[in-house]
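S.K.: Here is a sequence together with a model predicted from it:
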Amino acid sequence: MTSASTPVSPTGTQYAIEILGVTKRYGKITALGGVDLDIEPGEFVVLLGPSGCGKSTLLKIIAGLEDLTDGEVYIGGKLANYLKPSARDVAMVFQNYALYPHMTVRSNLGFPLKMAGRPKAEVSQKVETAAALLQIGSELDKYPDELSGGQRQRVALGRAIVREPLAFLMDEPLSNLDALLRVQMRSELLRLHKRVGRTTVYVTHDQIEAMTMADRVVVMRHGLIQQIGPPDEVYRRPANRFVASFVGSPPMNILDGRIATADGRRTFIGPFPVEITGLAGATVDDGPAAIGIRSEELLLTTEATAGSFPAVIELVEPVGADIFLTATVEAGTVITIRVDAETKVEEGATVHIQIAPGATRLFDAAGDRVRLAGDGA
Amino acid sequence: MSVAVEPRHGNPGALQAIAAEHARSRRRRRLRGLGKHAFLIVVTLLLVAPFYYVVLASFKSSTEIFTYPPKLLPIPPFIGNYQKLLGDTGFLRWMFNTLFVAGTVTLIKVFMDSMAGYALAKLQLTGKRAIFLAMLILLMVPLGALIVPLWALVNWMGLTNTYLALILPPLANPLGVFLMRQFILGLPKDLENAGRLDGLSEFGIYRRIILPLIKPGLVVLAVIIFTDQFMSFIWPLIATSSDDLQVLTVGVAALRSHGGADYGLWSAAAVMSLVPIGVFFFVLQRQFLARSLAGALKQ
């Protein structure tokens, strides 16, 4: 039962976090332009986007550290707009850890519980448990400046864990670690999430983090959500050109052209001949359009085949298991092809490229992906 | 077994030349070092000499002070000046007044300035910029321009010849707020935000997070305020006329009007006046180092 003073979500659903039409303006600058997002209990949601896209602002609004201009935030089904940060039942892990430098690890971990007025024995027991979970049990009496980057990160996580909140909010928590430690902490974080099982909202601009950790990825740009979906869907079926070029490394090849109808048949006229299945029934007008093809969906053939087109290899970049090839097709358009490391190819060579069946995405003049028959979404 | 060393420049004489060059360079460095030390010693002497002269004079009788050649060590020391200072003048009362006023002003101001600094640095307040600007402008107004209106105000409030007349006006000096604001501006916002999420009130954030982190700044501010109050002369001279409320500076200056030129007594007063401020520095110097921010944030 909920008291009259704490309005429940109008949708009546039991989302862990529900964001309805949230807008944030700083003077004339709009940081968030009406964001809607539902997060299920236990879900790991990653907010992904370039710097300044509003992802951190959204996280701070959920945490109560920023006021919103318009909209509603429900946490645990209750309206949180007017709740203090500490009353929202969320814990935050900051990008720069934000450990209290004048307190030991033990005091840092126990501080939120102490502030909540929990008995000393309970604080002590929870601190010990969290420290054991994060393998920092032997560091409890050290000060933050005596810890390594990874240990500080664990303390920051521990400070969130001891509170046992409804949701964890993480603001680029791994961005200050070196590459190796980042990979290690990433998998540790995932293991931790699986053990603790709390709703997590994770902000990052690192798409690898987003793709490997998220149950769902929320791609943002200019304060607007571009796409919400499982990592695989965001990667394979990007909602628009921005998502297509932001997610994936190397980014999706986007080739501009136009759709024309000739002899009652609709075709895409681009830098090279492309057969787009399902174009006939697609809801897109004739005119400017673009196609997107992932680099690994371009296949090299030694000889010209039906539907293949020639290209000259400009650059060969081995990246371990794969090789990235930069190639120029006849019309001067540059594309990137990903082949496995065993492929023998030299700069300056002419190759033939075949597009994998069903690999072509079509974007309309506005940049939105056009649903094609058989592409599943 | 000996190891043949191949001369670096393919020339057998090159090694000797290099060794000679090293020796020359060492000599040059030594000479330069000597020169630097000589200069420093001269500067130190220039700085210490007047102070030593005052200490020396305080341990000499009036006649001894002017003997020629001067005695460089006061043996046996003459303690009559100190006896006279502590017994015949109001020195101890002046000292108490000074310590009471300077201590009270320092305590209140460090507390007030750090709070105001926090508000100006971190809180979202309407008119924050205007307040800060007004403070900067006030910083530029010299004390001389304020003395008459200040006295009129204090007089109107009926506070002349009270401790409040000595304590209240210095509290309005905005220098400390300015210093504290600059200090607190340097602290990362995420630390406060962490405090907010941990359930701290604004005052809690100030007391439990900001204050411990700005300890070196607080100590610097305390030293500035304390020494400023300790040495302030014009305002205490104007604001009080009662003997009971005289502070050190005013009292020691007044010694000159009693009993002619007693250099020994004046020197003893000067030396004794320095004791509390020396103790104050000694106690606080260890506090200058607070736990660094290093561990709090990304590197």
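M.R.: Good, I have the coordinates.

S.K.: quick one: contacts for A:Ala289?
M.R.: A:Asp256, A:Gly257, A:Arg258, A:Ile259, A:Phe268, A:Leu362, A:Phe363, A:Asp364, A:Ala365, A:Val370 (CB atoms under 8 Å, 6 or more residues apart in numbering or on different chains). Quick note: C-beta positions are derived from backbone N, CA and C, even for glycine.

S.K.: pLDDT wise, what is it at?
M.R.: Note for A:Ala289: predicted pLDDT of 90.

S.K.: got it, and B:Ser292?
M.R.: Reported pLDDT for B:Ser292: 44.

S.K.: cool, A:Leu37 as well?
M.R.: At A:Leu37, pLDDT is 95.

S.K.: Let me know the secondary structure of the closest residue to it other than its chain neighbours.
M.R.: The shortest distance from A:Leu37 to any non-neighbouring residue, by CB to CB, 6 or more residues apart in numbering or on different chains, is to A:Ile19 (4.4 Å). Of the three states, A:Ile19 takes strand under DSSP: H, G, I helix; E, B strand; the rest coil.

S.K.: sorry, back to before: hmm, which of the contacts of A:Ala289 are the buried ones?
M.R.: With burial judged by 16 or more other CB atoms under 10 Å in any protein chain shown, the buried subset of the contacts of A:Ala289 is A:Gly257, A:Ile259, A:Phe268, A:Leu362, A:Phe363, A:Asp364, A:Val370.

S.K.: and which of those residues is nearest to chain B?
M.R.: Lowest distance from chain B to the buried ones among the contacts of A:Ala289 (CB to the nearest CB) belongs to A:Phe363, with 38.2 Å.

S.K.: Specify the beta-bridge partners of that closest one.
M.R.: Per DSSP bridges, the residues bridged to A:Phe363 are A:Ala290, A:Arg369.

S.K.: In the stretch 251-377 of chain A, where is pLDDT below threshold?
M.R.: Where the stretch 251-377 of chain A drops to pLDDT under 70, the residues are A:374-377.

S.K.: try it again with 90
M.R.: A:255, A:257-287, A:300-310, A:320-321, A:329-333, A:341-350, A:354-362, A:364-367, A:370-377 (pLDDT under 90).

S.K.: All the strands of it, residue numbers only.
M.R.: For the stretch 251-377 of chain A, the strands defined by DSSP state E, counting those that start in this stretch occupy A:253-262, A:265-269, A:287-293, A:298-301, A:309-318, A:322-329, A:334-340, A:350-355, A:361-363, A:369-370.

S.K.: and the fifth one, what does it pack onto?
M.R.: So that's strand A:309-318. If you count contacts as 3 or more CB pairs under 8 Å, 6 or more residues apart in numbering or on different chains; DSSP states H and E, strand A:309-318 packs onto strand A:322-329, strand A:350-355.

S.K.: Could you say which one of these comes nearest to chain B?
M.R.: strand A:322-329 (31.1 Å).

S.K.: contacting residues around the nearest residue to A:Lys55 once chain neighbours are set aside?
M.R.: Once flanking residues are discounted, A:Lys55 sits nearest to A:Leu47: 4.0 Å by CB to CB, 6+ apart. By CB under 8 Å, 6+ apart, A:Leu47 lies in contact with A:Lys55, A:Leu58, A:Leu59, A:Val201, A:Tyr202, A:Val203, A:Thr204, A:Val218, A:Met220.

S.K.: How about B:Gly204?
M.R.: B:Gly204 is in contact with A:Met115, B:Gly195, counting by CB under 8 Å, 6+ apart.

S.K.: Would you double-check that it falls in a helix?
M.R.: Yes: B:Gly204 forms part of a helix when assessed by three-state DSSP.

S.K.: what residue lies at the spatial centre of chain A?
M.R.: Of all residues in chain A, the one closest to the mean position by CA atoms, centre = their mean is A:Leu48, 3.3 Å from it.

S.K.: I figured that one hits A:Lys55, correct?
M.R.: Yes: if you go by CB atoms under 8 Å, A:Leu48 and A:Lys55 touch, sitting 7.2 Å apart.

S.K.: ok, and does the helix or strand harbouring B:Gly176 reach over to chain A?
M.R.: Assigned by DSSP states H and E, B:Gly176 falls within helix B:175-185. No: using CB under 8 Å from any CB of the partner chain, helix B:175-185 stays clear of chain A, with a minimum separation of 14.6 Å.

S.K.: Just after that helix, pick out the following helix or strand.
M.R.: Using DSSP H and E, the helix or strand that directly follows helix B:175-185 along the chain is helix B:189-197.
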